[in-house]
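Enquirer: Give the three-dimensional model of this entry:
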Amino acid sequence: MNIDEFLSHYILNAPQIMWFLGAGSSRSAMMPSAYDIIWDLKRMYYCTKENQNITDNELSNEAIKNKIQKYLNDLGCPAPGSDDEYSYYFKFVLGDDPHMHQKYLQEKLHPNGISINSGHRILSALMDIKKAKLLFTTNFDSVIENAYSSVIGKELHSFSLEGSAAALNALNNEEFPIYAKMHGDFRYYEMKNLPDQLKENDKEIERCFINACSRYGLIVIGYSGRDKNIMSAFDKAIQQENAFPKGLFWFTSFHGNIFPSVQKLIDDARRKGINAHIVEVETFDVFLNRIWKLIPNKPAELDAKIRRAIYEFPNISKYTGNSGFPIIRTNVFPVMKIPEKCLAIETVKPLSYLEFVDKIKIAKSAAILSKQETILAWGSENEIGKVFSASEIKSKKVADLKDYLDVNNTHTRAFLIRALARGIVRDKPLKLRKKHGAYYAVISSLHEKFSDIEPKLKEALKTYDFNTNKQVLPASLAGRVPNLDETYWMEAAEITLDFYDEKFWLVVRPDIWIEPDIRRKDAKDFLTNRKRNRYNATQNLLIDAWKEILLGFDKETTVKAFEDNVDNNPIFVISSTTAFSQRQQA
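Expert: Below you'll find the predicted structure:
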């Protein structure tokens, strides 16, 4: 089943469909998934036994992960992806002590680390309007409780292993919404992490779940199916008469792997006549945003709470030095305004994403376009016409971007950052380069305005010469990479658009660009040596220099992707005051 078919089914049957959430549903809220926890436990064990210091961030390096995994393989640990990896490593690393488990999870799942995103807000709203009456989860965290409190203004009581008997009573008495944690709550000792514990569920929680499965359909999202006890509960549920009367829908990401146990469950359900499907979706937040757009007669107050965060912007005053110590200056700039309008284009012949990309490549247009539910566009009529002729366009209208804006959709992010990066380098002695989805403002030493920015960057990059006891400016900001044919380096700044704490931020990271970019790995030693002395003081000066180059000297700067005479022109307003961070006061 594709997502559009499911959405049609959901809108007609929402009150009769319950939800089952795994750790993947909390990942966008900065909570670790089961996969993340497994690798963190592996890292902890390896570092302890081998006296190594490997950070969480370094686990993104496949070579480091392979080294740790090989070490564990030699010890006879389970193969990666095994069903029992999660429970195995909890016992292997933390032992049998539940206090150790609780302490570990309190640190990993602390409420201060939660960032409530659109998906959690929407799910809370669906609970409040009785379109998501029951939620079950394998999660220990308090993401849903926090989101519900923020959006609805009420406390959401979760049924966990401590109060499991009450869950079935609440179901029978229809005391909605019901939120039940199948593995317990990290705030209490009654948690299921060890192999023996995960062999079976709490009987009362399981009875409540199986009973509900005979009355409601079910959406499973963010859950891999790796727990044998949970999958056993699903197996018991499909054995009932009239199981999942409104269907069983197991959601996975486009690039996700389906565990054999999940495929078997869906196949078994179908053989019993259940409307069961695996459905692909981009992310939890994208999925919930699509649902929310289709909900008829949404309460205006709830809709405002869900959408307002996108258009509320931070008010960051300049740091005066009087706010205590320690204080850390960051390299992020508040985005005070994002574009409100764009063109929405519907083509006569629906295009696949690959067909859309091919048209962009062939046209070589300056227009900025994005393929989503419809085609969004910025740019002049002439440039858009290079991609879509008049005969190919069924309809074209000026639309409110907020109707299409989903900050967790990678295509939406790419649409915005493309426009912002284009605008930031426009009319400046900079070239725009792109690598792995990130944009770089690269100096152009042959540009007529290069002398405007050269002194700023050289001053930021000056070093102390111990022979002359003087500060020395760099000889050049660009040049040929030694020992590499036809390979050049240039000072640059990576430009990204981030969405954090319900706000947009422009992130500027000073860097060095290698041309051609495919030679960057070959230039690794050169880059290391070139950046060797760029410590905090230099980084601070570089951020100042790039701030002036990209944003100017005013408190706020307006960034336009195209010339003023282009009507369909995305406009951003960026604050030139960088955000600061300091330790939270008790």
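Enquirer: In this structure Val387 contacts Ala363, no?
Expert: Yes. If you go by C-beta atoms under 8 Å, Val387 and Ala363 touch, sitting 4.3 Å apart. Where you see a C-beta, it was placed from the backbone N, CA and C, and this is true even at glycine.
Enquirer: More neighbours: those two, which one.
Expert: Neighbours were counted for Val387 and for Ala363 using other C-beta atoms under 10 Å; Val387 has more, 20 against 16.
Enquirer: Please state the backbone phi and psi of Ala399?
Expert: Main-chain torsions, Ala399, degrees, to the nearest 10: phi -120, psi 160.
Enquirer: check contacts around it.
Expert: Listed by C-beta atoms under 8 Å, 6 or more residues apart in numbering, the contact set of Ala399 reads Lys341, Cys342, Leu343, Ala344, Leu376.
Enquirer: among those residues, who's most crowded?
Expert: Neighbour max across those (other C-beta under 10 Å) = Cys342, 25 neighbours.
Enquirer: Can you name the residues bridging to that residue?
Expert: Ala399 (DSSP bridges).
Enquirer: burial measure for His9, as a count.
Expert: For His9, the neighbour count with other C-beta under 10 Å is 18.
Enquirer: For it, which residues are in contact?
Expert: Counted by C-beta under 8 Å, 6+ apart, His9 has contacts Gly247.
Enquirer: any idea of the mean pLDDT in the strand or helix carrying it?
Expert: Assessed by DSSP states H and E, His9 sits inside helix 3-13. Model confidence over helix 3-13, given as mean pLDDT, is 90.
Enquirer: Pull out the buried positions in that helix.
Expert: For helix 3-13, burial by neighbour count (16 or more other C-beta atoms under 10 Å) applies to Ile3, Phe6, Leu7, His9, Tyr10.
Enquirer: export those residues to TSV and tack on distance to Leu72?
Expert: Putting the buried residues of helix 3-13 into TSV (distance: C-beta to C-beta, whole Å) gives the following:
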residue	distance to Leu72
Ile3	38
Phe6	39
Leu7	42
His9	43
Tyr10	42
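Enquirer: What is the nearest of those to Glu355?
Expert: Nearest to Glu355 among the buried residues of helix 3-13: Ile3, at 18.9 Å, using C-beta to C-beta.
Enquirer: From Ile230, how far off is that closest one?
Expert: Ile3 is 24 Å from Ile230, where distance means C-beta to C-beta, to the nearest Å.
Enquirer: And the strands in the stretch 451-586 of the chain, which stretches?
Expert: In the stretch 451-586 of the chain, the strands defined using DSSP state E, counting those that start in this stretch lie at 463-465, 470-472, 478-480, 488-500, 503-515, 556-560, 571-575, 580-582.
Enquirer: Could you do the stretch 151-300 of the chain as well?
Expert: Under DSSP E, counting those that start in this stretch, the stretch 151-300 of the chain gives strands at 158-159, 178-181, 217-221, 248-253, 276-281.
Enquirer: And these: which comes nearest Gln471?
Expert: Of all the strands of the stretch 151-300 of the chain, strand 248-253 comes closest under C-beta to C-beta, at 51.6 Å.
Enquirer: helices and strands around the closest one, which ones?
Expert: Here strand 248-253 touches strand 217-221, helix 260-271, strand 276-281, going by 3 or more C-beta pairs under 8 Å, 6 or more residues apart in numbering; DSSP states H and E.
Enquirer: Reformat those into TSV and put distance to Ile64, mean neighbour count and mean pLDDT next to each item.
Expert: Shown next, in TSV, are the helices and strands packed on strand 248-253 (distance: least, C-beta to C-beta, whole Å; neighbours: other C-beta atoms under 10 Å; pLDDT from 0 to 100):
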stretch	distance to Ile64	mean neighbour count	mean pLDDT
strand 217-221	30	24	93
helix 260-271	29	16	91
strand 276-281	30	18	89
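Enquirer: what about those, which gets the closest to Ile238?
Expert: Proximity to Ile238 (C-beta to C-beta) singles out helix 260-271 among these, at 4.9 Å.
Enquirer: Tell me how this structure divides into domains.
Expert: Using automatic domain parsing, the domains assigned to the chain come out as 3-30+116-294, 34-108, 340-403, 427-560+570-582.
Enquirer: Tell me which residues of whichever helix or strand Tyr46 is part of come out buried.
Expert: Using DSSP H and E, the element containing Tyr46 is helix 34-50. Within helix 34-50, the residues scored as buried using 16+ other C-beta under 10 Å are Ala34, Tyr35, Ile37, Ile38, Trp39, Asp40, Leu41, Lys42, Arg43, Tyr45, Tyr46.
Enquirer: Quick check: next helix or strand after it?
Expert: Scanning forward in sequence from helix 34-50 by DSSP H and E, the next helix or strand is helix 62-74.
Enquirer: Buried residues in that next one, which are they?
Expert: In helix 62-74, counting by 16+ other C-beta under 10 Å, buried: Ile64, Lys65, Ile68, Gln69, Tyr71, Leu72.
Enquirer: mind giving me TSV with those and columns for pLDDT?
Expert: Putting the buried residues of helix 62-74 into TSV (pLDDT from 0 to 100) gives the following:
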residue	pLDDT
Ile64	83
Lys65	83
Ile68	88
Gln69	88
Tyr71	86
Leu72	87
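Enquirer: Of the strands of the stretch 151-300 of the chain, which is nearest Leu302?
Expert: Of the strands of the stretch 151-300 of the chain, nearest to Leu302 by C-beta to C-beta is strand 178-181, at 18.0 Å.
Enquirer: That closest one packs against which elements?
Expert: For strand 178-181, the contact count by 3+ C-beta pairs under 8 Å, 6+ apart identifies strand 134-137, strand 158-159, helix 164-172, helix 203-213 as packing neighbours.
Enquirer: List the pairing partners of it within its sheet, with orientation.
Expert: Paired neighbours of strand 178-181 in the sheet (DSSP bridges): strand 134-137 (parallel), strand 158-159 (parallel).
Enquirer: Of all these, which one is nearest Phe333?
Expert: Closest to Phe333 of the strands paired with strand 178-181, according to C-beta to C-beta: strand 134-137, at 37.0 Å.
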